[in-house]
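Chemist: With the input below, show me the fold.
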Amino acid sequence: MKFTKPLAFLLILPIMAFSFEVEFNKNFTKKLPHDTLNAFLKVSISDDSEAKVSERLELFNEKIKSNNKVEKSLGSFTIRPEYKHSNSTPKIIAYIGELRYKVDSVKAKDIHDFISELTLLKKNRDTSVSVNNLSWSVKEETYKKTLDLLRLEAIVWGQGYAKTLSNDISKTCTLKTIVINNEEQYLQKSRNIMFSASSRSGNSIPVPEANQEKIKINPKYVLDCE
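Modeler: Numbers count the residues shown, from 1 in each chain. Have a look, this model is predicted:
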C-alpha cells in the first residue's frame, strides 16, 4: 500500500489591529506682574444753591480733565436736592453734588500727586474728596495678548504630545480636537483702600503693594490613535 505524505497547511493567525481615543485636560498658566494702579474718585459738595454746587464742582472737573498723567474714565456729574420734612411737607434745605471718575496710572506717584492737587481745592467742610478701591491690576491689552499666547502654547503642546505618544506606543496618534472654552482668572489683588480727604489731616495716600495676576486656561484634548 502506498502512503502519500500529508499536505502541509500554513496556519495564519490574523493580528487584529485596534484604535482608540485619548481624552484629557491640561492646565496652562502664566503670571503677570500688576502694572496699573486703579482708583475710584468721588468729589462731593453740599450747598444751599444748585447753581453754587454746579459751579464749585466744575472747578474740580476742570482740574481733573487738565491732568494728563492719569487716565480718566466713567465720568459722571450729578446734583440732587436734600429734603427736610416739616408737617408732612418736604422742604429743600440743600443741594448735594457728586463728581465721579475712575482713574488709572502705571505710576503710583502720579495717582498720589493727582489726588493731592484735588485736595488743595477743598476749602470748606461741606466738600469731600474720596478715593475708593485703590488697587493694582493688569492692563486689559496685556491680559488679552497673554491669553492668546496661552492658547497658542496649548495648540503647539497638543501637536507635540500626539507625536510623542505615537512614538511611545508605536501607533499613529493624531490630534482630533482641542476645546478651549473654560478660561479662569485668578486675581491676586492688593487689598482695597479707602482714602478720604475730609477725614485726614494730611495728603498722604497709602498705596498698596503691587502683586501678580495668574491667568489660566484648561483645554480639553481628544486624540485618535490607530
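
Chemist: what mean pLDDT would you report for the longest helix seen in the chain?
Modeler: For the chain, the longest helix by residue count, based on DSSP state H, is helix 140-169. Helix 140-169 comes out with an average pLDDT of 93.

Chemist: Kindly report the same for stretch 67-84.
Modeler: Rounded mean pLDDT across stretch 67-84 is 93.

Chemist: Check which helices and strands the longest helix of the chain sits against.
Modeler: strand 28-33, strand 173-179, strand 212-217, strand 220-225 (3 or more CB pairs under 8 Å, 6 or more residues apart in numbering; DSSP states H and E). (C-beta placed from N, C-alpha, C; glycine too.)

Chemist: Mind doing that once more with 10 Å?
Modeler: strand 20-25, strand 28-33, strand 173-179, strand 183-187, strand 212-217, strand 220-225 (3 or more CB pairs under 10 Å, 6 or more residues apart in numbering; DSSP states H and E).

Chemist: Next one: residue 160 from residue 223, what distance?
Modeler: Here residue 160 is placed at a distance of 12 Å from residue 223 (CB to CB, to the nearest Å).

Chemist: residues shared between the contacts of those two?
Modeler: Residues touching both residue 160 and residue 223 (CB atoms under 10 Å, 6 or more residues apart in numbering) are residue 175.

Chemist: right, so of the helices and strands packed on helix 140-169, which gets closest to residue 111?
Modeler: Residue 111 lies closest, by CB to CB, to one member of the helices and strands packed on helix 140-169: strand 28-33, at 17.5 Å.

Chemist: buried set for the closest one?
Modeler: 28, 32 (16 or more other CB atoms under 10 Å).

Chemist: how much distance is there from it to the middle of the chain?
Modeler: 13 Å (CA atoms, centre = their mean, to the nearest Å).

Chemist: average model confidence for the helix or strand just after that strand?
Modeler: Sequence-wise, the next helix or strand downstream of strand 28-33 (DSSP states H and E) is strand 36-47. The average pLDDT for strand 36-47 rounds to 94.

Chemist: Alpha carbons of the helix or strand following strand 36-47, as CSV, please.
Modeler: Following strand 36-47 in sequence order, the next helix or strand is helix 50-66 (DSSP H and E). C-alpha atoms of helix 50-66 as CSV (Å, rounded to 0.1, in the frame of the first residue of the first chain):
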residue,chain,number,x,y,z
GLU,A,50,-27.9,124.3,42.9
ALA,A,51,-26.0,126.8,40.9
LYS,A,52,-23.3,127.1,43.5
VAL,A,53,-22.9,123.4,43.7
SER,A,54,-22.6,123.2,39.9
GLU,A,55,-20.0,126.0,39.8
ARG,A,56,-17.9,124.5,42.6
LEU,A,57,-18.0,121.0,41.1
GLU,A,58,-16.9,122.4,37.8
LEU,A,59,-13.7,123.7,39.3
PHE,A,60,-12.8,120.2,40.3
ASN,A,61,-13.9,118.8,37.0
GLU,A,62,-11.6,121.2,35.1
LYS,A,63,-8.7,120.3,37.3
ILE,A,64,-9.3,116.6,36.7
LYS,A,65,-9.6,117.0,32.9
SER,A,66,-6.4,119.1,32.7
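
Chemist: Next, the angle from helix 50-66 to strand 36-47.
Modeler: Helix 50-66 runs at 160 degrees relative to strand 36-47, counting by axes from the mean of the first three to the mean of the last three CA atoms, to 10 degrees.

Chemist: Neighbouring strands - and their directions - for the helix or strand that comes right after helix 50-66?
Modeler: Next helix or strand after helix 50-66 toward the C-terminus (DSSP H and E): strand 71-86. With DSSP bridges as the test, strand 71-86 is paired with strand 89-105 (antiparallel).
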